[in-house]
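Asker: sharing a sequence plus its predicted fold:
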Amino acid sequence: MPVKDLCRKHGFSEASYYLWRSKFGGMSVPEANQLKDLESENGRLKKLLTEQLLKNEVVKEALREKW
């Protein structure tokens with residue numbers, strides 16, 4: 001079955017297929033799951049870092065106003 005027909009049958013674009021293939025093409029299922037988990041953890045850690053940086057800025061601003 002051609003890629004074009006396969007993509008149409010499952011409701012996604014050919015571009016998405018080739019993007020997924022370039023990202024996950026040489027991986028086994030456990031490796032793909034590990035990548036997904038690591039990307040999720042990375043996003044969570046970035047969010048925590050951003051929140052902490054904002055808290056630090058609030059404290060710095062409060063200290064500047066106090067002195």
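Answerer: Received, thanks. None of the values given here were measured: they were computed from a predicted structure.
Asker: all the strands of the chain, residue numbers only.
Answerer: Counting by DSSP state E, the chain has no strands to list.
Asker: name the single longest helix found in the chain.
Answerer: The helix spanning the most residues in the chain, taking DSSP state H as the definition, is helix 29-66.
Asker: any idea how far it is from the chain center?
Answerer: The chain centroid and the centroid of helix 29-66 are separated by 13 Å under CA atoms, centre = their mean, to the nearest Å.
Asker: do stretch 59-67 as well
Answerer: 35 Å.
Asker: could you give the average pLDDT over that stretch?
Answerer: Stretch 59-67 carries an average pLDDT of 89.
Asker: in that stretch, what's buried?
Answerer: For stretch 59-67, the neighbour count (16 or more other CB atoms under 10 Å) marks no residue as buried. Backbone N, C-alpha and C define where each C-beta goes, glycine included.
Asker: same check, this time on stretch 42-58
Answerer: Buried residues in stretch 42-58 (16+ other CB under 10 Å): none.
Asker: same check, this time on stretch 31-39
Answerer: In terms of neighbour count (16+ other CB under 10 Å), stretch 31-39 has no buried residues at all.
Asker: so who does residue 53 touch?
Answerer: With CB atoms under 8 Å, 6 or more residues apart in numbering as the criterion, no residue contacts residue 53.
Asker: looking at it now. What's its pLDDT?
Answerer: pLDDT, read off for residue 53, is 98.
Asker: so how far is residue 8 from it?
Answerer: 45 Å (CB to CB, to the nearest Å).
Asker: please apply the same query to residue 57.
Answerer: 50 Å.
Asker: ok, the residue nearest to the spatial centre of the chain to residue 6 distance?
Answerer: Taking CA atoms, centre = their mean, the centroid of the chain lies closest to residue 39, which sits 5.1 Å from it. Distance, residue 39 to residue 6, using CB to CB: 25 Å.
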